[in-house]
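In: when you get a sec, could you give me coordinates for this:
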Amino acid sequence: MMRDAVKTIGNLIDKQKTAYISSVDEEGFPNTKAMLAPRKREGIHTFYFTTNTSSKRVSQYRNNSKACLYFCDRRFFRGVMLKGIMEVLEDAESKEMIWQTGDTIYYSLGVTDPDYCVLKFTACEGRFYQNFKSEDFEI
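Out: This is a model prediction of the structure:
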């Protein structure tokens, strides 16, 4: 059993360059996509990503906010799945909070680009895998 889930899982997440996010499509099937690591995280409860407002994923989250995040440490064959809710944020404060220099490569009109939005994931529970064992945990 993990002594400190926030520390153990937070350390795993911080070392990953890729996050896998899942949404639910119109037919009820899960859709998973690799994303760049979250721009910001608050413990293991809240995560912020950048994406295109026009993306299929944003459309799916607007229809069904149930979501899943997965982080995998391939070197040590460990991983964590987080279940929760994904919100699509388009307010100036949220967009400015995670904007980085160089983002104009993706959003040519800058931080006010209408095709730039923030995905905010809020976890409610998770499952951690390491040493050939899985462990559920609440957040």
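In: show me where the protein has its helices.
Out: Applying DSSP state H to the chain gives helices spanning 5-14, 56-63, 92-98.
In: okay if I get those helices as TSV plus mean pLDDT?
Out: Listed next are these as TSV, based on pLDDT from 0 to 100:
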stretch	mean pLDDT
helix 5-14	93
helix 56-63	97
helix 92-98	98
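In: low-confidence ranges, this structure, go.
Out: 1 (pLDDT under 70).
In: list the strands paired with the longest strand seen in it, with their directions.
Out: Secondary structure assigned by DSSP state E gives strand 116-130 as the longest strand of the chain. Using DSSP bridges, the strands paired with strand 116-130 are strand 46-52 (antiparallel), strand 78-89 (antiparallel), strand 133-138 (antiparallel).
In: so for the last one, what gets flagged as buried?
Out: This means strand 133-138. For strand 133-138, a neighbour-count test (16 or more other Cβ atoms under 10 Å) marks residue 137 as buried. C-beta coordinates here come from the backbone N, C-alpha and C atoms, glycine included.
In: please apply the same query to stretch 110-122.
Out: The neighbour-count check on stretch 110-122 (16+ other Cβ under 10 Å) flags 113, 116-122 as buried.
In: can you give me the end-to-end span of that stretch?
Out: For stretch 110-122, the first-to-last residue distance is 26 Å (Cα to Cα, to the nearest Å).
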